[in-house]
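Asks: just coords:
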C-alpha cells in the first residue's frame with residue numbers, strides 16, 4: 001500500500017512539474033533548464049529504481065533494466081521543453097539515478113522498507129518543491145524585468161511639459 005501511494009506521489013508531482021515547465025519554459029534560462037532537468041531526472045529515476053527493486057527483490061538485473069527504461073521515458077518528458085542538450089542531461093542523470101535506486105532497493109532489509117520509502121518521498125517532495133520555487137522565481141524575475149520598460153514608457157507619456 002505504501003509503495004502504491006509513493007508511486008502515485010511521484011507520478012502526480014512529475015506531471016505537475018511537467019505542466020508548470022511547459023507553461024513557463026520561455027521564462028527559464030537555458031542553464032537553469034539544464035540544472036532542473038538534471039535534478040528532476042536524478043530524483044525521479046532514483047524513486048523509479050527503488051519502486052522497481054522492492055517488489056523484484058533478488059532480481060537486480062531485471063529491476064535495473066526496468067528502472068532504466070522507465071526513467072528514460074521520464075527523462076525525455078522532463079528535458080524536452082529545454083531542448084536536446086537538456087534531454088541528454090536528464091538521460092544521463094536518470095541512468096545513474098535508476099541504477100542507484102535499484103541497488104538501494106535490492107540491499108534494503110525488509111523491516112526497513114517503510115522507513116526508507118517515506119524518507120525518499122520526503123526527499124523527492126523537497127526536491128520538486130525546490131525546483132518549482134526556482135522556476136517561479138525565474139518567471140517572476142522575467143515578468144518584473146519585462147514590465148519595467150513598459151512602466152517607464154508609460155510614465156514618459158504622462159509627464160507635464162513646463
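Replies: Sure thing, it's come through. Since the structure is predicted, the reported quantities are computational estimates derived from the model, not experimental observations.
Asks: Residue 51: what's it in contact with?
Replies: 3, 6, 7, 10, 67, 101, 105 (Cβ atoms under 8 Å, 6 or more residues apart in numbering). Heads up, the C-betas are built off the backbone N, CA and C, glycines and all.
Asks: which one of those sits closest to residue 134?
Replies: Ranked by distance to residue 134 (Cβ to Cβ), the contacts of residue 51 are led by residue 10 at 19.2 Å.
Asks: Can you tell me which helix or strand of the chain has the lowest average pLDDT?
Replies: helix 113-157 (a mean of 80; mean pLDDT, DSSP states H and E).
Asks: Report the contact partners of the spatially most central residue of the chain.
Replies: Central residue of the chain (Cα atoms, centre = their mean): residue 40, 2.5 Å from the mean position. Residues near residue 40 by Cβ under 8 Å, 6+ apart: 14, 17, 78, 90, 127, 128, 131.
Asks: Please pick the buried ones from those residues.
Replies: 14, 17, 78, 90, 127, 128, 131 (16 or more other Cβ atoms under 10 Å).
Asks: CSV please, covering those and showing distance to residue 25.
Replies: Below are the buried ones among the contacts of residue 40 laid out as CSV (distance: Cβ to Cβ, whole Å):
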residue, distance to residue 25
14, 16
17, 12
78, 12
90, 14
127, 19
128, 17
131, 13
